[in-house]
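A.B. asks: would you be able to build a 3D model of this:
(4 chains)
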2 protein chains.
Amino acid sequence: MHTQTSAAPETPSAVRAWTRLLRAHAATTRVLSAELQSDHGLSLNDFEALYVLSGAEGGRMKRVELARRLLLTPSGITRLLEGLEQAGLVRRTTCPTDLRVAYAELTPEGREQFEAASCAHVGSIRDLMEEHFSEDELDELGDMLGRLPGVAEGDDTCAAL
Amino acid sequence: MHTQTSAAPETPSAVRAWTRLLRAHAATTRVLSAELQSDHGLSLNDFEALYVLSGAEGGRMKRVELARRLLLTPSGITRLLEGLEQAGLVRRTTCPTDLRVAYAELTPEGREQFEAASCAHVGSIRDLMEEHFSEDELDELGDMLGRLPGVAEGDDTCAAL
DNA sequence: GGTGTAATATTGACTACGCAAAGGAATTTA
DNA sequence: TAAATTCCTTTGCGTAGTCAATATTACACC
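C.D. replies: Purely as a prediction, here's the structure:
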């Protein structure tokens, strides 16, 4: 089956890469999340949601589509948007032709808040990443991670539908 | 083939890489975690803890050192080990020379359980990763992620201390 | 039209884990 | 030796997200 090159319990490259992915996530989210939360009162996924919505046509998107973009479950999206709606950053709108679907729509305050947070947050991300990687490496890292199932999906699709 | 297009046409490479790191984590942990949980009743961090302990001298390690290895906070470690102790996989031992420190020590059942889970889990990890990356790419991915602060620390050090 | 199936969204119960606060033990400083 | 500080750990509380179950709507087929 696996022609493991060593008889000794040498960690396979796949496991090493996976473990480091876990650790990289833990290490980076902790600092970025804390900063975003204390400076702008947003969680990372709050920000990602606003980010995705801000780029969508009309600042609105089907909730189910947003879920796919953020890789959240339906209930995760419900709860995420619950918070954003209560904060007045997103409003819920309905689809006249299909009563099942609901849209999440950026409010003017939401867009404003996003733009305010975006500047600092993107700066922090760049500081963190560009300190350790060149531009080419960042592209390459992004390309590689995008190969994992589900990661790159909908990256280009501005599916407002 | 860089698919460097996103909702915003001007997304910096750093942000794209970061976003994909988030998504890669979400996508991969969801499937691996569910499998590990249902097949062996372990969370990903449960497994990582057993993994680290199983490679440590005497199967034991200072809790604080384990926390560093898993990138968990002190309270996170307390709660993680709580579960493992209740499951009988890890036992708590004390340090005779310093009453502040406690060790987490793998029990025989813990080692057994780890080895049972390890085979399947490592297989799943390899299946997932090796399907999308070559061996060289996995090494490179691991190298790159290891450059982020805190990620590679203590990777080789079997610090039983 | 009636029935079965798929899609969307919500809810309840639960897990995981972070932060802040606090306690006990060790070490340093005075 | 006393006091201050630092280290390790736990605890209370809050947040974020999952899954399973449920309700509603849409649609396909007979």
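
A.B. asks: what's the helix or strand hosting residue A:26 packed up against?
C.D. replies: According to DSSP states H and E, residue A:26 maps onto helix A:13-40. When contacts are defined as 3 or more Cβ pairs under 8 Å, 6 or more residues apart in numbering or on different chains; DSSP states H and E, helix A:13-40 packs onto helix A:44-55, helix A:108-130, helix B:13-40, helix B:44-55, helix B:108-130, helix B:135-145. Glycine gets a C-beta too; all of them are placed from N, C-alpha and C.

A.B. asks: quick one: contacts of the last one?
C.D. replies: So that's helix B:135-145. For helix B:135-145, the surrounding residues in contact (Cβ atoms under 8 Å, 6 or more residues apart in numbering or on different chains) are A:13-14, A:16-17, A:20-21, A:23-24, A:133, A:137, A:140-141, A:144, B:129-130, B:133, B:151.

A.B. asks: if we go to 10 Å?
C.D. replies: A:5, A:11-25, A:27-28, A:132-133, A:137-138, A:140-141, A:144-145, A:147, B:17, B:21, B:126, B:129-130, B:132-134, B:151-152, B:155 (Cβ atoms under 10 Å, 6 or more residues apart in numbering or on different chains).

A.B. asks: picking up where we left off before, got TSV for the helices and strands packed on helix A:13-40, with distance to DNA strand D and mean pLDDT too?
C.D. replies: Shown next, in TSV, are the helices and strands packed on helix A:13-40 (distance: least, Cβ to the nearest atom of the strand, whole Å; pLDDT from 0 to 100):
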stretch	distance to DNA strand D	mean pLDDT
helix A:44-55	3	95
helix A:108-130	14	94
helix B:13-40	5	94
helix B:44-55	12	95
helix B:108-130	15	94
helix B:135-145	21	95
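
A.B. asks: can I get the ones you listed in CSV including distance to residue B:64?
C.D. replies: Formatted as CSV, the helices and strands packed on helix A:13-40 follow (distance: least, Cβ to Cβ, whole Å):
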stretch, distance to residue B:64
helix A:44-55, 27
helix A:108-130, 25
helix B:13-40, 25
helix B:44-55, 13
helix B:108-130, 19
helix B:135-145, 24
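
A.B. asks: those helices: which one's closest to DNA strand C?
C.D. replies: helix B:44-55 (3.8 Å; Cβ to the nearest atom of the strand).

A.B. asks: roughly how far does residue A:146 sit from residue A:139?
C.D. replies: Counting by Cβ to Cβ, to the nearest Å, the gap from residue A:146 to residue A:139 is 10 Å.

A.B. asks: of the two, give the one with the bigger neighbour count.
C.D. replies: residue A:146 (21 against 18; other Cβ atoms under 10 Å in any protein chain shown).

A.B. asks: got the confidence number for that one?
C.D. replies: Looking at residue A:146, its pLDDT stands at 94.

A.B. asks: and if you look at the one 3 residues further on?
C.D. replies: Reading off the confidence values, residue A:149 has pLDDT 89.

A.B. asks: with the one 10 residues further on instead?
C.D. replies: The confidence metric pLDDT takes the value 39 at residue A:159.

A.B. asks: need the residues of chain A near DNA strand C, please.
C.D. replies: With Cβ under 7 Å from any atom of the strand as the criterion, chain A comes near DNA strand C at residues A:26, A:30, A:34, A:62-64, A:67, A:74-75, A:77-79, A:81, A:92, A:100-103.

A.B. asks: for residue A:151, what are its contacts?
C.D. replies: Residue A:151 neighbours (Cβ under 10 Å, 6+ apart): A:71, A:142, A:144-145, B:19-28, B:132.

A.B. asks: what number of residues lie near residue A:105?
C.D. replies: For residue A:105, the number of neighbouring residues by other Cβ under 10 Å comes to 16.

A.B. asks: how close does the closest residue to it other than its chain neighbours sit to DNA strand C?
C.D. replies: Spatial nearest neighbour of residue A:105, chain neighbours left out: residue A:60 (3.7 Å); criterion: Cβ to Cβ, 6 or more residues apart in numbering or on different chains. Computed as Cβ to the nearest atom of the strand, to the nearest Å, the residue A:60 to DNA strand C distance reads 11 Å.

A.B. asks: and residue A:60, how close does it get to residue B:100?
C.D. replies: Per Cβ to Cβ, residue A:60 is found 55 Å from residue B:100.

A.B. asks: what do you get for residue A:109?
C.D. replies: Counting by Cβ to Cβ - residue A:109 and residue B:100 are separated by 49 Å.
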